[in-house]
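1. structure for the following, please:
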Amino acid sequence: MLNEKQEKFSQAYVLHRNATEAAKAAGYASESAYNQGYRLLQKQEVIDRVHELEQELVTDVDVIKEMESQYEFAKANGHTNSAIKALELLSRIRGSSTDGKISTDKDTLEVAIIGCLNVLGYEKVISLLEKCDFAHYFFEDTPISPPESLTEGPSLESLDLPLPEEPEYSI
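-> Sure, this is the predicted structure:
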């Protein structure tokens, strides 16, 4: 059976997840809170009570709604990194918007490849083609110089390309 301070510590530990803070909240002196927190977490009855309290926790948080709210707040207040992080978490929660159904028919792939080649530009495309197993059919020993108008392609944003899916990471 736990005494009053041990019960308060257990409740505070579930809330704070920090033994020192929980000991302070339970009424132990700040100077000894670190030691008291450590000592209490060595007692099996305290560990059992913490586990019991954790099992009783009920959360009514709609995670998706909360993340959308966080994204809107971050975006509205110019917190770009936080907005991006919220979007990243939302995409993990929701899954890919395409659900793995990227069109891979010949015409769609051809349009996507041409768009990518245009973004890369002439010189990069030639250097990539030279690395292909079948390059000898296209190139002889003489280097190919680009036409002046083709050294750079359009920006990636100007193209409407299907984007590859990001790999899933597990934490």
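2. would you map out the domains in the protein?
-> Domain assignment of the chain by automatic domain parsing yields the ranges 4-56, 63-94, 106-158.
3. between the two ends of the shortest one, how far is it?
-> Its first and final residues considered, domain 63-94 spans 10 Å by C-alpha to C-alpha, to the nearest Å.
4. before we move on, the earlier item: please identify the deepest-packed of the domains of the chain.
-> Highest mean neighbour count among the domains of the chain (mean count of other C-beta atoms under 10 Å): domain 4-56, with a mean of 16. Where you see a C-beta, it was placed from the backbone N, CA and C, and this is true even at glycine.
5. can you tell me the average pLDDT over it?
-> What domain 4-56 shows for mean pLDDT is 92.
6. so how far does that domain reach from one end to the other?
-> 19 Å.
7. so what's the gap between it and the chain middle?
-> 32 Å (C-alpha atoms, centre = their mean, to the nearest Å).
8. also stretch 73-88?
-> That offset, for stretch 73-88, works out to 13 Å (C-alpha atoms, centre = their mean).
9. what about it, start to end distance?
-> So stretch 73-88: terminal residues 15 Å apart, C-alpha to C-alpha.
10. identify the residues contacting that stretch?
-> With C-beta atoms under 8 Å, 6 or more residues apart in numbering as the contact definition, stretch 73-88 has outside contacts at 67-68, 70-71.
11. with pLDDT, distance to Arg17 and secondary structure added, can I get the residues you listed in CSV?
-> Listed next are these as CSV, based on pLDDT from 0 to 100; distance: C-beta to C-beta, whole Å; DSSP: H, G, I helix; E, B strand; the rest coil:
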residue, pLDDT, distance to Arg17, secondary structure
Met67, 83, 21, helix
Glu68, 85, 26, helix
Gln70, 87, 21, helix
Tyr71, 84, 26, helix
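12. what helix or strand is the residue nearest the centre of the chain located in?
-> By C-alpha atoms, centre = their mean, the mean C-alpha position of the chain lies nearest to Glu88, the distance being 4.6 Å. Glu88 belongs to helix 80-94 when assigned by DSSP states H and E.
13. in the contacts of stretch 73-88, find the pair that's most separated.
-> Maximum pairwise distance among these (C-beta to C-beta): 7.3 Å, between Glu68 and Gln70.
14. just to revisit the earlier point, next one: the residue nearest to the centre of the chain from Ala74, what distance?
-> For Glu88, the distance to Ala74 (C-beta to C-beta, to the nearest Å) stands at 12 Å.
15. and Gly121, by the same measure?
-> For Gly121, the distance to Ala74 - C-beta to C-beta - is 35 Å.
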